[in-house]
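J.: missing the sequence, but the structure's below:
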């Protein structure tokens, strides 16, 4: 095989999206994956395309929403993509009003509309009546995470990207202060640019070249229901609940804030009774009519978060040629096109679409030096 211009470690949706945008610029790209395509969080997520609205995240989210429709139109196989919008509900006991939430999201660059409770119930009739109203985001969407990840893999292969699965990266080769290659279980790879898109596994590999990437694993549980009548293609959220009904008419949902879900910083994929009870109770409080709905699957995925709760995206100053795209806190699916495009701009020395100075991996260097 010809040595690549860029080697990407990780064949999740982040690594694949990086490959997609880089290869379209004419560079030779190879992805190296220790398991299978979409084996980690990418293939087992909720499928929500609904950005994090906090500062530090919002510019990436707004960019991702702009890029998703074009990306989907260029993919060669079905993804289950539906852009029906997202509705964030606000309960009668919540401190904030829909207008205040809408105003904040608009200040972060998102298109949103405050809705009355009556308008929310017109949009999704089975909703609980214990609502002040909601905020509707028309550009939010959903897609099947595994189908989408595989579709991007097909797309990148069609433009010359090599994907090597079942291959472990064991080291990063450095000469002077520059990346010159990778050590893998299938042999050495010569390349001047390496992208780490391995989520919570990045710290171990980065440490081999004394780079600190202090992201930690976090277990997130997701529930899948039996098929039922089509209620809505609109994404729903309230408090920590996130929920979508896919084209297969199943509900995919989870909820932050259970007694274990947010505290299990490990690689465990064990789902607890508390995970199930908390998520199911949250869903039923929003749509009471689903009380007879049965679950057909529960699983947990491993995402990663940084100490300052911001993504870690950018080029390392040392060694030169090492790029990082991790710390996405479960928002990797939503942000994939934006992260891929930004990394493609960095590796080709172009100005990025959004300012990512605050997301640089170098922000953790002082703790090491």
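T.: Cool, got the structure. Please read these numbers as outputs of a predicted model, since none were measured by experiment.

J.: Show me where the stretch 51-200 of the chain has its strands.
T.: Ranges of strands within the stretch 51-200 of the chain are 86-91, 113-116, 131-137, 141-142, 162-164, 169-175, 178-184, 187-190, 194-196, based on DSSP state E, counting those that start in this stretch.

J.: Deepest in the core, which of the ones you listed is it.
T.: Of all the strands of the stretch 51-200 of the chain, strand 194-196 has the most neighbours on average by mean count of other CB atoms under 10 Å, namely a mean of 28. Backbone N, C-alpha and C define where each C-beta goes, glycine included.

J.: Distance check, the residue positioned nearest the centre of the chain against residue 92.
T.: Of all residues in the chain, the one closest to the mean position by CA atoms, centre = their mean is residue 332, 1.4 Å from it. Note on residue 332: its distance to residue 92, by CB to CB, to the nearest Å, is 34 Å.

J.: burial count for the spatially closest residue to residue 291 that is not a sequence neighbour?
T.: Closest residue in space to residue 291, ignoring its immediate chain neighbours: residue 284 at 5.8 Å, by CB to CB, 6 or more residues apart in numbering. Residues near residue 284, counting by other CB atoms under 10 Å, number 14.

J.: And residue 284, how close does it get to residue 184?
T.: From residue 284 over to residue 184 the distance is 48 Å, taken as CB to CB.

J.: what's the answer for residue 359, then?
T.: Computed as CB to CB, the residue 359 to residue 184 distance reads 28 Å.

J.: Got the domain ranges for this protein?
T.: Using automatic domain parsing, the domains assigned to the chain come out as 6-74+145-214+308-367, 86-139+217-305.

J.: Could you pull up the mean pLDDT of the first one?
T.: Within the predicted structure, the mean pLDDT of domain 6-74+145-214+308-367 is 95.

J.: and what of the shortest one?
T.: Model confidence over domain 86-139+217-305 averages 91 on the pLDDT scale.

J.: In contact with residue 128, which residues?
T.: Contacts of residue 128 were listed using CB atoms under 8 Å, 6 or more residues apart in numbering, and they are 91, 285-288.

J.: what about 6 Å?
T.: Listed by CB atoms under 6 Å, 6 or more residues apart in numbering, the contact set of residue 128 reads residue 286.

J.: Helices of the chain, start to end?
T.: For the chain, the helices defined by DSSP state H cover 13-23, 58-73, 98-107, 117-123, 145-158, 202-206, 273-286, 332-347.

J.: Now the third one: buried residues?
T.: If I follow you right, that is helix 98-107. By neighbour count on 16 or more other CB atoms under 10 Å, the buried set for helix 98-107 is 98, 101-102, 105.

J.: ok, so of those residues, who is nearest residue 336?
T.: Proximity of the buried residues of helix 98-107 to residue 336 (CB to CB) peaks at residue 105, which lies at 21.1 Å.

J.: Can you tell me, leaving aside adjacent residues, what's nearest to that closest one?
T.: Using CB to CB, 6+ apart and skipping the chain neighbours, the partner closest in space to residue 105 is residue 112 (4.6 Å).

J.: And for residue 280, the neighbour number?
T.: Count around residue 280 with other CB under 10 Å applied: 19.

J.: mind starting the numbering at 44 from now?
T.: Yes, from this point I'll number from 44; that puts the last item at residue 323.

J.: Once you drop chain neighbours, what's closest to it?
T.: Per CB to CB, 6+ apart, closest to residue 323 is residue 266, 7.0 Å.

J.: sorry, back to before: what's the most buried one of the helices of the chain?
T.: Among the helices of the chain, helix 56-66 has the highest mean neighbour count (mean count of other CB under 10 Å), at a mean of 29.

J.: ok, residues contacting that helix?
T.: With contact meaning CB under 6 Å, 6+ apart, helix 56-66 is reached by 49, 51, 72, 74, 85, 192, 195-196, 199, 202, 204, 238, 240, 368, 375-376, 379-380, 382-384, 386-387.

J.: sorry, back to before: for the strands of the stretch 94-243 of the chain, which one sits closest to residue 44?
T.: Using CB to CB, the strands of the stretch 94-243 of the chain put strand 205-207 closest to residue 44, at 6.4 Å.

J.: who's in contact with the closest one?
T.: Residues from elsewhere that reach strand 205-207, judged by CB under 6 Å, 6+ apart: 54, 73-75.

J.: if I read this right, residue 52 contacts residue 75, doesn't it?
T.: Yes. Between residue 52 and residue 75 there is a contact at 5.5 Å, judged by CB atoms under 6 Å.

J.: Mutual contacts of these two, please.
T.: Jointly contacting residue 52 and residue 75 under the rule CB under 6 Å, 6+ apart are residue 212.

J.: so who does residue 75 touch?
T.: Listed by CB under 6 Å, 6+ apart, the contact partners of residue 75 are 52, 207, 210, 212.

J.: As JSON lines, the residues you listed with distance to residue 290 would be great.
T.: Formatted as JSON lines, the contacts of residue 75 follow (distance: CB to CB, whole Å):
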{"residue": "52", "distance to residue 290": "32"}
{"residue": "207", "distance to residue 290": "32"}
{"residue": "210", "distance to residue 290": "34"}
{"residue": "212", "distance to residue 290": "36"}
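
J.: Closest to residue 315 out of those?
T.: residue 52 (31.4 Å).

J.: quick one, what contacts the closest one?
T.: With CB under 6 Å, 6+ apart, residue 52 has these contacts: 75, 212, 239, 241.

J.: For the first one, list each beta-bridge partner.
T.: Note on residue 75: beta-bridge partners residue 52, residue 207, judged by DSSP bridges.

J.: Many thanks, we can stop here.
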